[in-house]
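Novice: pasting the structure only:
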């Protein structure tokens, strides 16, 4: 068994305790709810798009340290990104936490992907992968603009 | 340190630490502190061997062949039914229906008895303490038949509010379906009173005994309940087998639930005559090895003594409440007047999944989540909790290990 501190690195604990962009965007152009029925975790992701660029992104909800930190870090890396860049980051992040083939991102995005690296400790804990991806699934649902609830189950 | 108050022999009269040698899971997972018996109990070697031996030496289908093996198999299967009868002190073995588990037992009652005897306007009374398996089948019946589903609330202590329960009983109440012990909190429901009150109104009573059957003596005749359901795998038996007890006159009046082999007397394309209970409700080849394994589990329980198990569970529950209550920031969920075998709690600032993860690192297995009792947790104000549930193999040292691991988690997530 790996050391638990690989899963709960300081940056995860920090973002879990003090999530960034933890607020509602009143003028959100897009939003969606994420729900993990397994543990009752809920997240709402808010987006404010200017053209195809993410002018602002924030979230609210309740969840474990992993899901809260994942949402928090997600909002930090996504601000200013285009929709295509956001999706490319999600694809790579998803591959990294599920043990898939991550592929290569162009330079500026590779730096953002590095910032998400501490979350990839969940790879060793299959039951926790959904915690790390919940907010990203909600982001995708928000981009698709149906304003519904996306479930991890 | 707790060493001073630690006893090696529990008041129940058996030594849990010694008993652990009878459970191969502990040999194969050294250091395991298993506190999730409420989800499913571990199996003694006698149950595992019994199932394997049955397949090795006595296996054939039941109630069919004239050859000796089939007769032997049938005999073992029906012997298991007799063991269950004795376990519940039912009047007759024909009142014992083998099912997949308590979930199927409750669905059987709702779809057979409910569909045949309930009509729009009738009410089924459940409580806030129920597992989803004693909520959803009745909701399905409500939606198909137009019956009312009434929910008796808990009181401020987390126990069933008996006064409100009594007030919700009415001539419309046809069935009261309640848990014996709430799986999410360990609240022991005073079902003797519940049954008396319900019968006074002419309602039938179904008890979900999943958490109670492995923990305390159950006498369905003394209780006077109409149906009693439990699962084999929570009672130290195999998965895939469970029991519905139903009073004979009720089962006899109930239509078949599933059609197929085993449950018929005579079949033509025009008409089928059905078997009497219990076979009427056991269509198809049953889980023969599961039933026989459950019989072995009952032998195991009875050899320990059900009174002894109850004493053990009570003592260890008390120790757990005492030990966990001393952890700062830990809030035990209320369980009314009496709590048995289950400790459900919230640790301030630490999500149950994070807590369970840290506990797992310390080889302490607990459940984190809503425990299939979302309405109850909602009512108590928690989306999820951490739950430690006890079995015969647990002792004070397990509780100490749990408490120490909780302290570690608290340090780790300290704000």
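Specialist: Looks like it arrived, so ask away. This is a predicted model, so every value here is computed, not measured.
Novice: residue B:161 is in contact with residue B:151, isn't it?
Specialist: No. Using CB atoms under 8 Å, residue B:161 is not in contact with residue B:151; the gap is 11.0 Å. C-beta here means a position set from N, CA and C on the backbone, and glycine is covered the same way.
Novice: how is chain B carved up into domains?
Specialist: Following automatic domain parsing, chain B resolves into domains at B:3-43+B:305-412, B:48-303.
Novice: can you redo the ones you listed as CSV with mean pLDDT?
Specialist: Output for the domains of chain B, formatted as CSV (pLDDT from 0 to 100):
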stretch, mean pLDDT
domain B:3-43+B:305-412, 92
domain B:48-303, 96
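Novice: and of those, who's closest to chain A?
Specialist: domain B:3-43+B:305-412 (3.7 Å; CB to the nearest CB).
Novice: can you confirm whether that closest one lies near chain A?
Specialist: Yes. Residues of domain B:3-43+B:305-412 contacting chain A under CB under 8 Å from any CB of the partner chain: B:351-354, B:357-358, B:361, B:368-370, B:374, B:377, B:383-384, B:412.
Novice: tell me the one of those nearest residue B:190?
Specialist: Proximity of the residues of domain B:3-43+B:305-412 next to chain A to residue B:190, judged by CB to CB, is greatest for residue B:377, which lies at 22.1 Å.
Novice: now do the same end-to-end measure for stretch A:77-84.
Specialist: End-to-end distance of stretch A:77-84 (CA to CA, to the nearest Å): 14 Å.
Novice: buried set for that stretch?
Specialist: Within stretch A:77-84, the residues that qualify as buried by neighbour count (16 or more other CB atoms under 10 Å in any protein chain shown) are A:77-78, A:81, A:83.
Novice: now stretch B:242-251
Specialist: Residues of stretch B:242-251 classed as buried by neighbour count (16+ other CB under 10 Å): B:242-247, B:250-251.
Novice: so how far is that stretch off the chain centroid?
Specialist: Averaging C-alpha positions (CA atoms, centre = their mean, to the nearest Å) puts stretch B:242-251 16 Å from its chain's average.
Novice: other residues contacting it?
Specialist: The contact list for stretch B:242-251, computed with CB atoms under 8 Å, 6 or more residues apart in numbering or on different chains, reads B:84, B:88, B:90-92, B:94-105, B:108-109, B:113, B:204, B:220, B:226-232, B:254, B:277-278, B:280-281, B:294.
Novice: cool, stretch B:221-230 as well?
Specialist: With contacts defined as CB under 8 Å, 6+ apart, stretch B:221-230 is touched by B:88-91, B:99, B:102, B:105-106, B:109, B:113, B:191-192, B:195-196, B:199, B:204-210, B:212-213, B:218, B:220, B:242-247, B:250.
Novice: show me which residues of chain A are close to chain B?
Specialist: Contacts of chain A with chain B, taken as CB under 8 Å from any CB, map to A:1, A:4, A:7-8, A:13, A:16-17, A:38-42, A:62-66, A:125, A:128, A:131.
Novice: now the buried members of these.
Specialist: Neighbour counting by 16+ other CB under 10 Å classes A:4, A:7-8, A:13, A:16, A:38-42, A:63-66, A:125, A:128, A:131 among the residues of chain A next to chain B as buried.
Novice: picking up where we left off before, which of the residues of domain B:3-43+B:305-412 next to chain A sits closest to residue B:187?
Specialist: The nearest member of those to residue B:187, counting by CB to CB, is residue B:377 at 12.8 Å.
Novice: which residues touch the closest one?
Specialist: Residues near residue B:377 by CB under 8 Å, 6+ apart: A:40, B:184, B:370-371, B:383-385.
Novice: next helix or strand past the strand or helix carrying it?
Specialist: Assigned by DSSP states H and E, residue B:377 falls within helix B:374-380. Toward the C-terminus, helix B:374-380 is succeeded by strand B:385-389 as the next helix or strand (DSSP H and E).
Novice: which parts of that next one are buried?
Specialist: Of all the residues in strand B:385-389, those buried under the rule 16+ other CB under 10 Å are B:385-389.
Novice: what of stretch A:31-50?
Specialist: Neighbour-count burial for stretch A:31-50, counted by 16+ other CB under 10 Å, picks out A:31-36, A:38-49.
Novice: just stretch B:138-157 next, same as before
Specialist: Quick answer for stretch B:138-157 (16+ other CB under 10 Å): B:138, B:141-142, B:145, B:147-152, B:154-155.
Novice: got the buried residues of stretch B:242-251 as TSV, with distance to residue A:72 and secondary structure columns?
Specialist: Output for the buried residues of stretch B:242-251, formatted as TSV (distance: CB to CB, whole Å; DSSP: H, G, I helix; E, B strand; the rest coil):
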residue	distance to residue A:72	secondary structure
B:242	44	strand
B:243	49	strand
B:244	49	strand
B:245	52	strand
B:246	54	strand
B:247	58	coil
B:250	57	helix
B:251	57	helix
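Novice: in a markdown table, list those along with distance to residue B:48.
Specialist: Shown next, in a markdown table, are these (distance: CB to CB, whole Å):
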| residue | distance to residue B:48 |
| --- | --- |
| B:242 | 18 |
| B:243 | 20 |
| B:244 | 25 |
| B:245 | 26 |
| B:246 | 30 |
| B:247 | 34 |
| B:250 | 35 |
| B:251 | 32 |
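Novice: contacts only, for residue 98.
Specialist: Let's take chain A. By CB under 8 Å, 6+ apart, the contact set of residue A:98 is A:123, A:129.
Novice: can you look at chain B instead?
Specialist: By CB under 8 Å, 6+ apart, residue B:98 lies in contact with B:81, B:241-243, B:278, B:282, B:286-287, B:290-291.
Novice: among those residues, name the buried ones.
Specialist: Neighbour counting by 16+ other CB under 10 Å classes B:81, B:241-243, B:278, B:282, B:286-287, B:290-291 among the contacts of residue B:98 as buried.
Novice: the strands in the stretch 201-350 of chain B, which residues?
Specialist: Secondary structure of the stretch 201-350 of chain B (DSSP state E, counting those that start in this stretch): strands at B:204-208, B:227-231, B:242-246, B:264-267, B:272-274, B:330-332, B:342-347.
Novice: of all those, which one is nearest residue A:101?
Specialist: strand B:342-347 (38.6 Å).
Novice: follow-up on the earlier one: most neighbours of all the contacts of residue B:377, which one?
Specialist: Neighbour counts for these (other CB atoms under 10 Å in any protein chain shown) peak at residue B:184, which has 30 neighbours.
Novice: that one contacts residue B:376, doesn't it?
Specialist: Yes. With contact defined as CB under 8 Å, residue B:184 reaches residue B:376; the gap is 5.3 Å.
Novice: what sits in contact with each of the two?
Specialist: residue B:129.
Novice: can you give me the neighbour number for residue B:264?
Specialist: Using other CB under 10 Å, residue B:264 has 16 other residues around it.
Novice: need the contact list for the residue lying closest to it once chain neighbours are set aside.
Specialist: The shortest distance from residue B:264 to any non-neighbouring residue, by CB to CB, 6 or more residues apart in numbering or on different chains, is to residue B:272 (5.5 Å). Residue B:272 makes contact with B:259, B:264, B:266, according to CB under 8 Å, 6+ apart.
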